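Novice: Dropping the sequence and predicted coords here.
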Amino acid sequence: MGQVSSNEQRTSGCKAHHKSAGKGLQNARGENNCFLNVIVQSLWHLESFRVLLSTVVHVHAEHTFCIICALQELFTHYKYGEDQILNPGMIRITMDWLGRHEDRFQLGDMHDAAEALDAIFQAIHNEHIIYQSKQTDKEGDIDDQCNPRCIIHTLFACDMFDLYKCKFCGSTSDPEFIFDTMYRIYVSEVALIESKAKLDWTTVFKHIISNGPGRSCPGFSDETPCEGKTNTDRWILRLPFIFGVNLVWDSEQASSSHAKMILSLIASQPFQKIDLRDLFHLGGDTANADIRDTIYHFRGMVCYYGKHYVCFFFNILSAEWYLFDDQTIRSIGRFSALSDHIVRGAYQPTLLFWEKE
């Protein structure tokens, strides 16, 4: 393994499971905070994010809206406060300010939870770049890859590359690099594969990757006019602490069979775990990774139904799944009960989170 950053050291060395199931978040009539509330709950219940956020040092001008400060303040109330329902107002105002030039996340408007998560990630990254440029007296570009890494890229980034190999002649492309924080999967692709045979999550994942976009032979030229198509090999160069998946649906109306399919695939792995060695080829610093570094536990998910978002997270101490629906928190029970609840409610799982133990 490569050298561990100070962020990674703090993450691996600090574990603090909380006894309570959690706290609710306000969403008064007309506020339409649900898309943001589920993201705040997700980030709180992902322990490695919660730990690292508390360590972030940054500077900014006075009277500037800052997503790091807003999250740190709310998380402090979440951890130490006596109120069981918290006000996410400062985070909502900060999101309004961040989206002001694109007319996104404006107060009172409903928005997409995955886009809100991406905007929060980008804002935290930008703050890190600005802070590092002040520390080093070098001009920083917010589109730069951060080094040292910000907490978002420390926790979520999957540094990968794809190789396209011709099925006919064996020609292989140059690597195409991917630097994403959330792994995107289209539910329609999963359904097409799963309809042919009852498969597990790992097999479906690998099938989607291997068949990829079906590109032409990378070795094609006038001298070697090969007409073969390609398979895709995906290599991962760095293991994240949190493996996040964004499920993209064709419509806002969930098919109960598709929701059941997704949940069955998650349940197909023992204890809802996944091993990234089974999904990707390991390269770079991951080539000799210990099995303990490649296994991830399913922590929770964000779901959508009827212009409303809820999320479900697993409580380690009580060994139960809980529903978080704005102010409401309710025990669901085991994963089988959670699956039934989601299917009956016609929910669409949209964001899935696995975390390294």
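Specialist: Cool, got the structure.
Novice: okay, CA-based contacts and neighbour counts for the rest of this
Specialist: Noted.
Novice: Now do stretch 229-242: everything it contacts.
Specialist: With contact meaning Cα atoms under 8 Å, 6 or more residues apart in numbering, stretch 229-242 is reached by 46, 48, 154-168, 209-212, 214-217, 280-287, 293-294, 296, 353-356.
Novice: Can you flag which of these belong to strands?
Specialist: Counting by DSSP state E, the contacts of stretch 229-242 place 158-166, 281-282, 296, 353-356 in strands.
Novice: out of those, who has the most neighbours?
Specialist: residue 164 (27 neighbours; other Cα atoms under 10 Å).
Novice: what about stretch 275-293, how long is it end to end?
Specialist: Stretch 275-293 has an end-to-end distance of 9 Å (criterion: Cα to Cα, to the nearest Å).
Novice: For it, buried residues please.
Specialist: For stretch 275-293, a neighbour-count test (16 or more other Cα atoms under 10 Å) marks 275, 276, 277, 279, 280, 281, 282, 283, 286, 289, 293 as buried.
Novice: got it, and stretch 116-135?
Specialist: Under the neighbour-count criterion of 16+ other Cα under 10 Å, stretch 116-135 has 116-117, 119-121, 123-132 buried.
Novice: In this structure, what residue spans correspond to strands?
Specialist: According to DSSP E, the strands that the chain contains are 24-25, 85-86, 158-166, 176-180, 183-186, 230-238, 242-248, 273-275, 281-282, 295-304, 309-315, 320-325, 328-333, 348-356.
Novice: how about the ones you listed in a markdown table, adding distance to residue 107?
Specialist: Compiled in a markdown table, those are given as follows (distance: least, Cα to Cα, whole Å):
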| stretch | distance to residue 107 |
| --- | --- |
| strand 24-25 | 16 |
| strand 85-86 | 18 |
| strand 158-166 | 32 |
| strand 176-180 | 28 |
| strand 183-186 | 28 |
| strand 230-238 | 38 |
| strand 242-248 | 25 |
| strand 273-275 | 38 |
| strand 281-282 | 44 |
| strand 295-304 | 20 |
| strand 309-315 | 17 |
| strand 320-325 | 19 |
| strand 328-333 | 22 |
| strand 348-356 | 23 |
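Novice: any idea how far residue 73 lies from residue 53?
Specialist: From residue 73 across to residue 53, the span is 11 Å (Cα to Cα).
Novice: So between the two, which is more surrounded?
Specialist: residue 53 (21 against 15).
Novice: what's the closest non-adjacent residue to that one?
Specialist: Spatial nearest neighbour of residue 53, excluding adjacent residues (Cα to Cα, 6 or more residues apart in numbering): residue 72 at 6.9 Å.
Novice: And residue 314, by the same measure?
Specialist: In space, residue 314 is closest to residue 321, 4.4 Å off (Cα to Cα, 6+ apart).
Novice: can you pull up the bridge partners for the one you found?
Specialist: Residue 321 has the following beta-bridge partners by DSSP bridges: residue 314, residue 333.
Novice: can you pull the contacts of it?
Specialist: 312, 313, 314, 315, 331, 332, 333, 334, 335, 338.
Novice: now the end-to-end length of stretch 310-321.
Specialist: For stretch 310-321, the first-to-last residue distance is 13 Å (Cα to Cα).
Novice: Please point out which parts of that stretch sit buried.
Specialist: Buried residues in stretch 310-321, counting neighbours by 16+ other Cα under 10 Å, are found at 310, 311, 312, 313, 314, 315, 320, 321.
Novice: would TSV of the residues you listed with pLDDT be doable?
Specialist: Shown next, in TSV, are those (pLDDT from 0 to 100):
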residue	pLDDT
310	98
311	98
312	98
313	97
314	96
315	94
320	94
321	96
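Novice: Low-confidence ranges, the stretch 51-200 of the chain, go.
Specialist: 61-63, 134-145, 194-198 (pLDDT under 70).
Novice: For the closest residue to residue 339 other than its chain neighbours, give its distance to residue 41.
Specialist: Counting by Cα to Cα, 6+ apart, the nearest residue to residue 339 once its immediate chain neighbours are dropped is residue 263, at 6.2 Å. As judged by Cα to Cα, residue 263 and residue 41 stand 21 Å apart.
Novice: check contacts around the residue lying closest to residue 36 once chain neighbours are set aside.
Specialist: Counting by Cα to Cα, 6+ apart, residue 36 lies nearest to residue 113, which is 6.3 Å off, once chain neighbours are set aside. Counting by Cα under 8 Å, 6+ apart, residue 113 makes contact with 35, 36, 38, 39, 309.
Novice: Looking at the residues you listed, which are in helices?
Specialist: Under the assignment DSSP state H, the contacts of residue 113 contribute 35, 36, 38, 39 to helices.
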